[in-house]
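J.: have a look; sequence and predicted model below, questions after that.
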Amino acid sequence: MIAGLLLTGFTLSATAQIGEARSNFSVGVNGGVNLNSVSFTPTIKQNSLMGITGGLTARYISEKYFAMICGAQVELNFSQRGWDQLFEIPGENGDMVEDPTQIYTRKMSYIDIPFLAHLAFGNERGLQFFIHAGPQIGFLIGESEKIEGVNMNKLNDTQKAVYGTKIQNKFDYGITGGGGVELRTKKPVVL
């Protein structure tokens with residue numbers, strides 16, 4: 001019994017590694033377009049508003065588990081969001097059609113910082129498919145609205161509350177994710 005207590009009192013250091021260790025740090029740029037709309041109650045009909053997004057990316061690849069390359073990624077992005085309201089009038093055959101004389105567009109510019117898990121599948125050099133997921137925070141840095149030809153007397157309460165009102169909460173947070181394809185070259189690009 002004393003021998004058993006002595007054996008359990010001593011610990012031996014042990015290491016276990018499921019995957020193959022990596023140490024790959026990379027920095028780059030990203031960019032693209034996004035399509036935006038906003039949910040309101042009661043509903044406001046909208047067209048998708050196209051905005052730009054882009055910024056800097058830093059990624060650290062730490063391990064490879066079987067066929068999956070694992071790492072973490074952080075970004076610093078500029079992003080445009082908002083909505084473009086759809087106004088309709090009765091058409092010639094009674095169907096509702098878009099009224100081009102009435103315009104309401106709200107654009108908001110954000111600085112976004114997503115903290116993402118990076119999971120990639122494929123060859124370490126060559127074509128890789130990847131998945132990103134994680135939390136994101138954002139800060140509103142600017143906003144604008146365009147109002148033309150809108151009859152303010154025909155607006156519902158939601159529209160009246162939104163038109164001409166500045167965004168009060170300038171901090172945004174949420175969960176983000178996505179996927180894509182990446183082509184990794186054999187030689188690193190050094191700037």
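T.: Yes, it's here.
J.: in the longest strand seen in the chain, what's buried?
T.: Longest strand in the chain by number of residues (criterion: DSSP state E): strand 126-148. Neighbour-count burial for strand 126-148 flags Gln128, Phe130, His132, Gln136, Gly138, Leu140 (criterion: 16 or more other CB atoms under 10 Å). To be clear about C-beta, it is placed using only N, CA and C from the backbone, and glycine gets the same treatment.
J.: likewise for stretch 101-113?
T.: Gln102, Tyr104, Thr105, Arg106, Lys107, Met108, Ser109, Tyr110, Asp112.
J.: rebuild those as JSON lines, extending it with pLDDT and distance to Gly82.
T.: Compiled in JSON lines, the buried residues of stretch 101-113 are given as follows (pLDDT from 0 to 100; distance: CB to CB, whole Å):
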{"residue": "Gln102", "pLDDT": "88", "distance to Gly82": "17"}
{"residue": "Tyr104", "pLDDT": "91", "distance to Gly82": "10"}
{"residue": "Thr105", "pLDDT": "93", "distance to Gly82": "7"}
{"residue": "Arg106", "pLDDT": "93", "distance to Gly82": "5"}
{"residue": "Lys107", "pLDDT": "95", "distance to Gly82": "4"}
{"residue": "Met108", "pLDDT": "95", "distance to Gly82": "5"}
{"residue": "Ser109", "pLDDT": "97", "distance to Gly82": "9"}
{"residue": "Tyr110", "pLDDT": "97", "distance to Gly82": "10"}
{"residue": "Asp112", "pLDDT": "97", "distance to Gly82": "14"}
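J.: can you flag which of those belong to strands?
T.: Short answer: the buried residues of stretch 101-113 in strands (DSSP E) are Tyr104, Thr105, Arg106, Lys107, Met108, Ser109, Tyr110, Asp112.
J.: Glu63: which of those is nearest?
T.: Asp112 (27.0 Å; CB to CB).
J.: distance check, the closest one against Val74.
T.: Distance of Asp112 to Val74, given as CB to CB, to the nearest Å: 11 Å.
J.: so who does the residue lying closest to Tyr104 once chain neighbours are set aside touch?
T.: Spatial nearest neighbour of Tyr104, chain neighbours left out: Gln85 (4.1 Å); criterion: CB to CB, 6 or more residues apart in numbering. Gln85 sits next to Ile44, Lys45, Gln46, Asn47, Ile103, Tyr104, Thr105, Gln159 when contact means CB atoms under 8 Å, 6 or more residues apart in numbering.
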